[in-house]
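A.B. asks: Fold the following and give me the result.
(one chain, ligands or ions: 1)
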Amino acid sequence: MNNSSTYDLIVIGSGILGTFHALHAARLGKKVLLTEKDQYPISATVRNFGQVVTSGMSSDWLPYAIRTAELYKEIQQEFDISVRNNGSVYLASDPEELQLAHELKERMDTFGYQAELLSAKDCLAKWPALNGQYCKGGIFFPQELSVEPDKLIYRLIKYAIAKYPQLTYKPATAVVDCEVIGDHVEVTTSTKQKFTADKVVICNGGEYKLLFADHFKNSGIILCKLQMMRTVPMPEVQLEGNILTGLSIRRYESFQECPSFAKLTTPEHYAELKKWGVHILFKKAVDGSIIIGDSHEYADVNHSDDLSFDINNHINQLMLKEAQNIVGFDVSKIASTWAGVYPQHNSKHVVELDVESRIHIRTAIGGKGMTCAGGYAEASIHGIYN
Ligand SMILES: Cc1cc2nc3c(=O)[nH]c(=O)nc-3n(C[C@H](O)[C@H](O)[C@H](O)COP(=O)(O)OP(=O)(O)OC[C@H]3O[C@@H](n4cnc5c(N)ncnc54)[C@H](O)[C@@H]3O)c2cc1C
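C.D. replies: Residues are numbered from 1 along each chain as shown. I've put the predicted structure just below:
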């Protein structure tokens, strides 16, 4: 196609999922337009931890996570998109969590995915900021990556448009209509600009009011609000990599596939934390600040406005109290706190809706977009162009 406002593919939404769809289509030689309603992405893709925790995925999505990590590493060699390789550790705080760590090691060995069991002493030697009372041992994945959520997407978009001249990016371009007309799709923006393409991919994240609202009403999508905190910079604190803890072992999909998971009991001191969906993760950013989170509150797609806009201080205090059990430095030195929302589906890894064979909606990748979007989007684009 030659006309300047006519494309092979228009991708709506430049979070991690939309940007990787646009990048993979450009890699196939397609002429692509990537649009973003905001001045720059400000949704889940920039509000997260930036933990690329391949080891947390269920076995059916492990290949997408492995491929995503490969893509991050490959791109990082060409352009600094903020990828670091400091590994991921899950710290066990009691015998049940430790048992699950051992069982995950056995499962990972069958996949040939590198994992190391660590004693409590090993953990304390590697991460001196930990509290010896908490840590009973852990499982470590030395090959795993992290990214900086406040940098990655902006750099990835910059890389993609520089590398693929046939990829155009239009921020501050909200799409409000998308319609199949004959053998193409016409897209209309809020400023009444029109673009046409053979196909459209919509990666709208948690925005379900602007396009195809009717399709989402009965989609089973649930919105999840998470509270997060960031400490002041503490470069002296030795806590590198993705630090996941006992409550994460009790939550992540990979552990759910272990034999002992079904027999897991909930200790009394976890009850209030579980009520708010709290599990404690730490991620030290490049500036030495430490991101601490998170909690989970849910609302179905038709009642997403019921997720309050405020930060619940009770939840933050609960998280800080548990965090202080885990580490020795003072976690109360909080510089900022925020909430993020992601959509998910209780029985699907991602929601795929295809409208009249030319419009492909890809949304609700849940809490694993930073870990799986690259590999999943590659398969999605190849499926659309097969
Ligand atoms: C607090 C928090 C912590 C997390 N931690 C992790 C983690 O450590 N590791 C991990 O793997 N995952 C994590 N996640 C999940 C991850 O952030 C998400 O899965 C991922 O960012 C979803 O990407 P997305 O592109 O689908 O959505 P989004 O990031 O929401 O992007 C969608 C984009 O589409 C745009 N858009 C929507 N509608 C339109 C329209 N009509 N026109 C134009 N533009 C439009 C939006 O403005 C937005 O920029 C976390 C999420 C949160 C909230």
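
A.B. asks: what ranges do the helices span in the stretch 101-250 of the chain?
C.D. replies: 120-126, 152-163, 213-217, 246-249 (DSSP state H, counting those that start in this stretch).

A.B. asks: so how far is residue 302 from residue 217?
C.D. replies: In this structure, residue 217 and residue 302 are 6 Å apart, going by CB to CB, to the nearest Å. C-beta here means a position set from N, CA and C on the backbone, and glycine is covered the same way.

A.B. asks: Of those two, which one has the most company?
C.D. replies: residue 302 (15 against 12; other CB atoms under 10 Å).

A.B. asks: just checking, residue 5 touches residue 194?
C.D. replies: Yes: with contact defined as CB atoms under 8 Å, residue 5 and residue 194 form a contacting pair (7.2 Å).

A.B. asks: Give me the more crowded residue out of these two.
C.D. replies: Each of residue 5 and residue 194 has its neighbours counted (other CB under 10 Å); residue 5 has more, 13 against 10.

A.B. asks: gap between the more buried one and residue 31?
C.D. replies: 11 Å.

A.B. asks: ok, now residue 257?
C.D. replies: 42 Å.

A.B. asks: Of the two, which one has the most company?
C.D. replies: residue 31 (21 against 15).

A.B. asks: How about the residues of the stretch 201-350 of the chain by the ligand?
C.D. replies: Contact residues (CB under 6 Å from any ligand atom) of the stretch 201-350 of the chain with the ligand: 203-207, 210-211, 226, 228, 294, 340-342.

A.B. asks: for the stretch 101-250 of the chain, what spans make up the strands?
C.D. replies: All strands of the stretch 101-250 of the chain, identified by DSSP state E, counting those that start in this stretch, fall at 116-119, 137-141, 145-146, 167-170, 175-181, 184-189, 194-202, 221-231, 242-244.

A.B. asks: and these as a markdown table, adding distance to residue 309 and mean pLDDT?
C.D. replies: Converted to a markdown table, those look like this (distance: least, CB to CB, whole Å; pLDDT from 0 to 100):
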| stretch | distance to residue 309 | mean pLDDT |
| --- | --- | --- |
| strand 116-119 | 41 | 98 |
| strand 137-141 | 36 | 98 |
| strand 145-146 | 29 | 98 |
| strand 167-170 | 28 | 98 |
| strand 175-181 | 23 | 97 |
| strand 184-189 | 27 | 97 |
| strand 194-202 | 25 | 98 |
| strand 221-231 | 9 | 98 |
| strand 242-244 | 28 | 98 |
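
A.B. asks: Looking at the stretch 1-150 of the chain, what residue ends up closest to the ligand?
C.D. replies: residue 15 (2.1 Å; CB to the nearest ligand atom).

A.B. asks: so that residue touches residue 205, yeah?
C.D. replies: Yes: shown here, residue 15 and residue 205 form a contact pair, counting by CB under 8 Å, at 5.0 Å.

A.B. asks: Give me the common contacts of the two.
C.D. replies: Counting by CB atoms under 8 Å, 6 or more residues apart in numbering, the residues touching both residue 15 and residue 205 are 43-45.

A.B. asks: what number of residues lie near the residue of the stretch 1-150 of the chain closest to the ligand?
C.D. replies: Applying other CB under 10 Å, I find that residue 15 has 25 neighbouring residues.

A.B. asks: Grab the nearest non-local neighbour of it.
C.D. replies: Once flanking residues are discounted, residue 15 sits nearest to residue 45: 4.0 Å by CB to CB, 6 or more residues apart in numbering.

A.B. asks: hmm, back to that, residue contacts, the residue of the stretch 1-150 of the chain closest to the ligand?
C.D. replies: 41, 43-45, 153, 203, 205, 369.

A.B. asks: So which elements touch the helix or strand of the chain with the lowest mean pLDDT?
C.D. replies: Every helix and strand of the chain was ranked by mean pLDDT, DSSP states H and E. The lowest is helix 271-275, at a mean of 92. Helix 271-275 is packed against helix 313-326, with contacts defined by 3 or more CB pairs under 8 Å, 6 or more residues apart in numbering; DSSP states H and E.
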